[in-house]
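In: Sequence and predicted structure, then a few things I'm wondering about:
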Amino acid sequence: MQDITVDQRWGGEAITNVHGDVSYQERKFKVASPFDPSGDQEQAIELLSAGIARGERYQTLKGVTGSGKTYTMAKIIEQVQRPTLVLSHNKTLAAQLYREFKSFFPDNSVEYFVSTYDYYQPEAYVPGKDLYIEKETDINQEIDRLRLNATFSLMERRDVIVVATVSCIFGLANPVSVRDMVYTFRRGTPFNHKEILSQLVRMQYERNDAVLKRGAFRVKGDTIEICPSYLENAVRISVDWDEIAQIQWFDPVSGEKQEIVDSYTLYPAKQFVMPPEQVKAAISRIRGEMEEQVEYFESMGKPLEAERIKTRVEYDLEMLQEIGYCSGIENYSRPLSNRKAGERPAVLLDYFPPGFITFIDESHVTLPQVGAMYEGDRSRKLNLVNYGFRLPSALDNRPLKYAEFTNVIDQRIYVSATPGKVELGESSQVVEQLKQTPSHQGRIIVTPDQLA
């Protein structure tokens, strides 16, 4: 695994680490606002920040609409200097919070992590009608880019705020596997064309010498241009006598040249990408599970289900062997990551460094939503497993259970105008923010399509 450095796109003061690599100092959280806390905000910021410093695990901010709860959250983040998750119960509110935190923290990494789908029809089977419904999706490419950027930002720095919906409790690739798939380009190091092009393909980057788009690369003589799937700009690697001579950012649309850097760490193009040796070991586990399931269906007098699961899995295994990826790869996440049956999947929360804090916005709505995700997902997948459309391990490609969620997050602040019994019962202190603040600290109204 290569050393991961923070590249120049994040800004910061240049330093040289013990390996001789150029990286950049982390910025501290700093709120950019011409206004000071007003009304009850000052007391709320002081009390809740002190609670975090004391190690209080549960606190509640009870604030009426218009009291500037978002500004209070921002000032608490500035006080405690911890990586932060802000959890919301729908995309629209998450988009509003994202825009507000972006304005409060222009020099820090504020990220957006919600479902990528503008339209989502999950895979399902209705036994009563013998109706199989294939998965249909319409992926929002900009949101997909923002999701990838959120996960990779958490792997590179600590001054990160992620605004997310309950999408953050659904399975992702294990961060350890993602780290094993990164590749660092450094000026002055040897450049083996065949080896590096193969590495880009393994990282699921598509070669397209005509059009440079997200998740693609192209080769022009002694130059390779890569458009990372999680950024809006692209990077050009210039080679001179089999050595990297220059690394330069540029706009893939206009071609405008941008800054020149000494090194750049490239992350995979997709979430579920794994090292070849890990995929090879997983293929053996998947094949073994398939054979067991085929044998089970045949012993139960269900030849149709046996043939169905065998055909599907063999096709997927062929794709995994050839390109290291297949449609619906998330359904094989348990054997791919070598987890035990019932063991929870890796989720966005696992990408956060230790000591992060969580704000649960509109907690009286968000907490019940978190609790409802697991059962709904499991009931749908049970039919797919029982009728031979998926292997039993697909049941472990799931959202976190409520108890798992509460165990993963540590210190949290519930934020609500009407906190429920759970929040009030758990909280060591409930801080009220009842006075409305001037309009400059009110909520910014923004629609999801304005995020681009």
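Out: Here it is on my side, so go on. Numbers count the residues shown, from 1 in each chain.
In: For Asn233, give me its contacts.
Out: 9, 249-252, 258 (Cβ atoms under 8 Å, 6 or more residues apart in numbering). For every residue, glycine as well, the C-beta is placed using N, CA and C.
In: got it, and Glu56?
Out: 411, 428-429.
In: And those, which of them are buried?
Out: The neighbour-count test (16 or more other Cβ atoms under 10 Å) marks Gln411 as buried among the contacts of Glu56.
In: hmm, back to that, which members of the contacts of Asn233 define the maximum pairwise distance?
Out: By the measure Cβ to Cβ, Arg9 and Pro252 form the most distant pair in the contacts of Asn233, at 14.4 Å.
In: So if I had to pick from the two, which one is more boxed in?
Out: Under the neighbour definition other Cβ atoms under 10 Å, Arg9 and Pro252 were set side by side, and Pro252 has more, 20 against 16.
In: Over to that one: give its phi and psi.
Out: phi -70, psi -20 (degrees, to the nearest 10).
In: Check what pLDDT the residue nearest to it when sequence neighbours are not counted gets.
Out: Distance criterion Cβ to Cβ, 6 or more residues apart in numbering; nearest residue to Pro252, sequence neighbours excluded, is Ala234 at 4.2 Å. In the prediction, the pLDDT value recorded for Ala234 is 96.
In: thinking again about what came up before, which of the contacts of Asn233 lies at the shortest distance from Asp159?
Out: Nearest to Asp159 among the contacts of Asn233, with distances taken as Cβ to Cβ, is Arg9, at 14.2 Å.
In: And the pLDDT for that closest one?
Out: pLDDT, Arg9: 31.
In: about what we covered before: could you dump the contacts of Asn233 to JSON lines with secondary structure and distance to Phe104?
Out: Shown next, in JSON lines, are those (DSSP: H, G, I helix; E, B strand; the rest coil; distance: Cβ to Cβ, whole Å):
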{"residue": "Arg9", "secondary structure": "helix", "distance to Phe104": "21"}
{"residue": "Trp249", "secondary structure": "strand", "distance to Phe104": "27"}
{"residue": "Phe250", "secondary structure": "strand", "distance to Phe104": "30"}
{"residue": "Asp251", "secondary structure": "coil", "distance to Phe104": "28"}
{"residue": "Pro252", "secondary structure": "coil", "distance to Phe104": "30"}
{"residue": "Gln258", "secondary structure": "strand", "distance to Phe104": "26"}
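In: Using TSV, please lay out the residues you listed together with distance to Gly68.
Out: TSV is the format used below for the contacts of Asn233 (distance: Cβ to Cβ, whole Å):
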residue	distance to Gly68
Arg9	32
Trp249	38
Phe250	41
Asp251	38
Pro252	40
Gln258	37
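In: List just the nearest of those to Ile52.
Out: Among the contacts of Asn233, and counting by Cβ to Cβ, the member closest to Ile52 is Arg9, at 30.2 Å.
In: Please state the offset of stretch 201-209 from the chain centre?
Out: Its chain's average C-alpha position is 21 Å from that of stretch 201-209, according to Cα atoms, centre = their mean, to the nearest Å.
In: List the buried residues of that stretch.
Out: Those would be 202-205, for stretch 201-209 by 16+ other Cβ under 10 Å.
In: Ends of it, what's the gap?
Out: Stretch 201-209 has its terminal residues 14 Å apart, counting by Cα to Cα, to the nearest Å.
In: what does that stretch contact?
Out: 181, 183, 197, 200, 215-220, 226, 229, 266-270, 273, 275-276, 323-325.
In: among these, which are in helices?
Out: Among the contacts of stretch 201-209, the residues falling in helices (DSSP state H) are 197, 200, 276, 323.
In: and the first one, how many residues sit next to it?
Out: Counted with other Cβ under 10 Å, the burial measure for Leu197 works out to 15 neighbours.
In: do the third one as well
Out: The burial count assigned to Pro276 is 11, neighbours taken as other Cβ under 10 Å.
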